[in-house]
Structure formats: structure tokens, C-alpha cells
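Novice: Attaching a predicted model along with its sequence, questions to come.
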Amino acid sequence: MAITSRAPAPEGGVSVPSPGPPAGPPRRGTAWAEGVEQLREAATTEPGRLRIIGAALAALIVLFGAVSVWEISGRSTAAEDVVGRSQPLSADAASIYRSLADADTTSSSGFLLGAQEPREVRQRYEKDIANASRLLVSAAANAGGNKDSREQIALLSEQLPRYTGLIEQARAANRQGLPLGGAYLRYANEQMTTQLLPAAQRLYEAETGRLYTDYDDARSWPLASLAAGLFALAALVWAQRRNYRRTNRVFNHGLLAATAASVVVLLWLAVGHTVARSSLSEARADGQESLKVLNDARIASLQARAGENLTLVARGAVLAEDNKSDKYDVDFTNNMKELDAGLATALRLADDAAGRSPVTRASDGVKQWKQRHTAAREADLKGDYESALPQVVGDKDHKDSSGAAFDTVDASLEQAVAHEQQQFTRAARDGLGALGGLVIGAAALAVVGAAAALLGIGRRLSEYR
């Protein structure tokens, strides 16, 4: 048991305990606790409160500028991708499909024209194959991390040489007058319709999907920026109202300048993005959607023409699923229905005379094409192949062939595609231009606004010195 020593009691008094060891230095808290304590102490005086308000206002304005720069940078990048990457890649994928379909159509036309294939027909076929090959190389270089696109490009690159090899075998046999040439041509067409064209269609869909993703990214509202801007403005209004109530001074020039800078950024952000959304929506509705419909119509016309040619090449050797009808004639009929539907939609989407005119010419050409095809088909079914052939491929005595009508349709659709492409490019660039300068402007005005807020508060602080 410990014994506590006591000092001697004074005479007649009470003894008191002797003092213990001296106490050590007071224990220090953490840096965070000390900072909080300092802020609490500063908040008890008006200068301290002003310093806290100034720092908070500057931080809010800088935060507003930083969030605006971040969000608008992302939307500007997406808009740039729409104009310079995803839409051109989508258009290239559509061109690959058209080139392959046109090559197949041209090869069958050249076969029908006999052993002495016209030079211009051969050149058109070679141009289609060269164009498809070139675009495949470009697509491979720009596919990036898109797995679906890379797979389709690899399939097309592998199968295209096999197709061209079959076409060369068909041409060689045709020059020698061997019936085997028709079999090679039908096999090549089967490879085109079951492997190459479906792969090209999937590539087009993948690239168009990337395009629509970029559209959505570019058009999405910068909600975080707008919220940060409104919050910063509310804080500035509160600070100026507080200043007025305490000093009866209507304006603080620094806070007023900070408010003006924030309002400019907020309005620029809202108006610029609204204009960009409107232009990008116009590019999608009036340009891209029309392009898709016209590309589909053009592909349907090419496939219909290939089916028409192969009907004469096969001469009933290939039957449809009902085992009664000619497969290629059934394909022709189905593709012509798709072509009619596509032209009707394209005419409805066209928003000016320059867009409607080529579509109208294409519709008139389709009507002539159907009439001439019907006449040629009737002659073929009667066994008059020699009469049916020139009505399909044409010669110097039969200029009004179904082939001539097809050429009118194809040329008109090409003109319509070019017009819609121009409309898309113009609208998309307008959308991108609406965001131009906003990133740099938001950053600069945020710095100016923060500095002005600090200067305005500093002016009030100087009154206490």
C-alpha cells in the first residue's frame, strides 16, 4: 500500500499534501484538428469569415471552370470523331458493300455479253475490286479496338481473292465457249451473297454503331457543368447580398466581375451546346438517316441487277425454295420491292428540291426497268433467249434495255448520296463549330472570375487594416 507523504501541519492547522511532479507540455492534436480549430477561431471574426468566403468562392468558380473544360472537351472530341472518323468509316463500309455488289453485277453482265467482254465492263469490275481492297486496308488501319470490325475485315480480306479467282475461271471458260463458265459464275455469286456481302453488311453495322455512339456522346447535356455553374452563381449572389447588408454598398466590383465571368461561361455553355445538339441532330436526321436509306436502296438495285443477269446465265438451273420458281428471278422481285420501299422513304426524308430530284429520277428509272424486265422475262420463258438477252444487256439495236434503266437508277442514287453527304458534313461541322473556343474560354474566364472574387474580398479586408 503506497504511503502519501504530507508536509508538517502548521501549528493549529491542517496538514496538506505535498505537490506532485510538475505537469508536462500540453498534448498537440493532429494537423487536421489544428486546422479545423484555426478555422473555427477565424470564423469568430469578420476578417476571418471574409477570408473563408473568398477562398470558397474562388474554389467554386475554379471547380465550375474545370468541370466545364472536362465535359466540353469530351463532347468536342466526340463531335470531331463524328465529322472526321466514325462517319467517314461508316461511309467507307457502305462503299465496300456497294463496290462488292457492283463487282458481282458487272461480272455477270460481262459474262452475258459473251467471250469478247467489252473493255469498259471489265474496267468497271476491276475498279470495284480495287476500290473494295483499298477501303479494306483503310478500315483495318482505323478499326482500333473494335473487335467486330476487325473480324469482318479479316473475313473479307480472306474471301475476296477466292471470289476474284472464281470470276477469272468463269471468264476463261466463257472465252472458250465451255458451259462450265456459268457454273463458276453461279458459285462466285453464291460466295458473294452468302459470305462477302453479309460480312460487309456486319462491318457497316458495326461502324454505324460507333457513329451513333459518338453522336450520343457529343449531344449529351453537360449536367455537371451546368449544376456547378448555378451553384457558383448562387454563392456569388449570396456573398454580394451579405456584403450589402453589412456595408450598405450596392456593388463590390470584384464580386460583380466574378459574377459576370461566371454568367458568361454558363450562357456560353448552355447556348453553345444547344446549337451543337441542334446541328448534330440535323446531321443525323437529314443526313445520316437519308444516307443509310439511299445506300440500302442502291444495294438493293445492284442485287436486283445481279439477279436479273443470273436469271439468264442459269436459265432455270437454280430453283427457289419452292422448287418451282427460278431462284434468281425471285431474288430480283424481292430486291425490287426493297428498292421501291427505299426510294419512297428517301423521297419522304429529302428536305429540299436538290435531294428530291435525283430520287424522283431513280423512281422513274425503276418503272422503266420493271417494264423492260417483264418484256425480257416473257421472251425468255417462251424460249426466245436470243431476243431476251439484248433486252437485258442491250446492244446497238436495243438501247432501251433494262440495263440502261438500271444505269439511270444507279447514277441517280449516286447523285442523291453525294447530296446527302454534303448536307451531313455541313450540319456536323456546324455542330462542332458551336463548341469551338468554349474549352479555352471557360478556362480563361474561370481564372478571371476566381481572381476577381479574391480581389473583391481583399478590398473588404483592407478596410480592417
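Specialist: Looks like it arrived, so ask away.

Novice: which residues in the stretch 151-300 of the chain form helices?
Specialist: Here the stretch 151-300 of the chain has its helices, by DSSP state H, counting those that start in this stretch, at 180-191, 197-219, 223-247, 253-282, 289-314.

Novice: Could you tell me the angle between the second one and helix 180-191?
Specialist: In this structure, helix 197-219 runs at an angle of 30 degrees to helix 180-191, with axes from the mean of the first three to the mean of the last three CA atoms, to 10 degrees as the basis.

Novice: List the buried residues for helix 197-219?
Specialist: 197, 199-204, 206-208, 210-211, 214-215, 218-219 (16 or more other CB atoms under 10 Å). The C-beta positions use only the backbone N, C-alpha and C, and glycine is treated the same way.

Novice: Please state the offset of stretch 320-334 from the chain centre?
Specialist: 38 Å (CA atoms, centre = their mean, to the nearest Å).

Novice: In it, which residues are buried?
Specialist: For stretch 320-334, by 16+ other CB under 10 Å, it's 326, 327, 328, 329, 330, 331, 332.

Novice: Dump the residues you listed into a markdown table; add secondary structure and distance to residue 237 as well.
Specialist: Converted to a markdown table, the buried residues of stretch 320-334 look like this (DSSP: H, G, I helix; E, B strand; the rest coil; distance: CB to CB, whole Å):
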| residue | secondary structure | distance to residue 237 |
| --- | --- | --- |
| 326 | strand | 79 |
| 327 | helix | 76 |
| 328 | helix | 75 |
| 329 | helix | 76 |
| 330 | helix | 73 |
| 331 | helix | 70 |
| 332 | helix | 71 |
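
Novice: what's the farthest-apart pair in these?
Specialist: Spatially, the most separated pair among these is 327 and 332, at 9.8 Å (CB to CB).

Novice: Show me which of the buried residues of stretch 320-334 is closest to residue 67.
Specialist: residue 331 (56.2 Å).

Novice: distance of that closest one from residue 321?
Specialist: 11 Å (CB to CB, to the nearest Å).

Novice: for the residue lying closest to residue 75 once chain neighbours are set aside, what are its contacts?
Specialist: Leaving aside its chain neighbours, residue 75 sits nearest to residue 218 (5.2 Å; criterion: CB to CB, 6 or more residues apart in numbering). Under the criterion of CB atoms under 8 Å, 6 or more residues apart in numbering, the contact partners of residue 218 comprise 75, 76, 78, 79, 81, 82, 276, 280, 431.

Novice: try 7 Å this time
Specialist: Residue 218 makes contact with 75, 78, 79, 82, 280 under the criterion CB atoms under 7 Å, 6 or more residues apart in numbering.

Novice: Please work out the average pLDDT along stretch 82-100.
Specialist: The predicted model assigns stretch 82-100 a mean pLDDT of 88.

Novice: Can you tell me what sits against that stretch?
Specialist: Contacts of stretch 82-100 (CB under 7 Å, 6+ apart): 128, 131-132, 135-136, 138-139, 142, 192, 196-197, 200-201, 203-204, 207-208, 210-211, 214-215, 218, 280, 295, 298-299, 302, 424, 428-429, 432.

Novice: from what I can see residue 73 touches residue 440, true?
Specialist: No - under the criterion of CB atoms under 7 Å, residue 73 is not in contact with residue 440, lying 10.4 Å apart.

Novice: Quick check on the two: which one has the bigger neighbour count.
Specialist: Using other CB atoms under 10 Å, the more surrounded residue of residue 73 and residue 440 is residue 73, with 14 against 10.

Novice: Need the nearest residue in space to the more buried one, chain neighbours excluded.
Specialist: Here the residue nearest residue 73, using CB to CB, 6+ apart, is residue 439, at 5.5 Å.

Novice: separation between that neighbour and residue 200?
Specialist: Taking CB to CB, one finds residue 439 at 38 Å from residue 200.

Novice: Please apply the same query to residue 386.
Specialist: Residue 386 is 36 Å from residue 200, by CB to CB.

Novice: dump the residue contacts of residue 290.
Specialist: 346, 349, 350, 420.

Novice: Could you pick out the longest helix of this protein?
Specialist: helix 46-81 (DSSP state H).

Novice: and the angle from whichever helix or strand comes after it to helix 46-81?
Specialist: With elements assigned by DSSP states H and E, the helix or strand that comes after helix 46-81 is helix 87-112. Relative orientation of helix 87-112 versus helix 46-81 (the same axes, to 10 degrees): 10 degrees.

Novice: distance between helix 87-112 and the chain's centre?
Specialist: On CA atoms, centre = their mean, the centre of helix 87-112 falls 23 Å from the chain's centre.

Novice: Heading C-terminal from that helix, find the next helix or strand.
Specialist: helix 119-142.

Novice: could you say what helices and strands that following helix packs with?
Specialist: helix 87-112, helix 147-175 (3 or more CB pairs under 7 Å, 6 or more residues apart in numbering; DSSP states H and E).

Novice: now, of these, which is deepest in the fold?
Specialist: The highest mean neighbour count among the helices and strands packed on helix 119-142, using mean count of other CB atoms under 10 Å, belongs to helix 87-112: a mean of 25.

Novice: any idea of the angle that helix forms with helix 289-314?
Specialist: 20 degrees.

Novice: so helix 87-112 versus helix 119-142, what angle?
Specialist: 150 degrees.

Novice: got the angle between helix 87-112 and helix 147-175?
Specialist: Using the same axes, to 10 degrees: helix 87-112 against helix 147-175 is 20 degrees.

Novice: Kindly reformat the contacts of residue 290 as CSV and extend each row with secondary structure, neighbour count and pLDDT.
Specialist: CSV is the format used below for those (DSSP: H, G, I helix; E, B strand; the rest coil; neighbours: other CB atoms under 10 Å; pLDDT from 0 to 100):
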residue, secondary structure, neighbour count, pLDDT
346, helix, 28, 92
349, helix, 20, 89
350, coil, 23, 88
420, helix, 28, 89
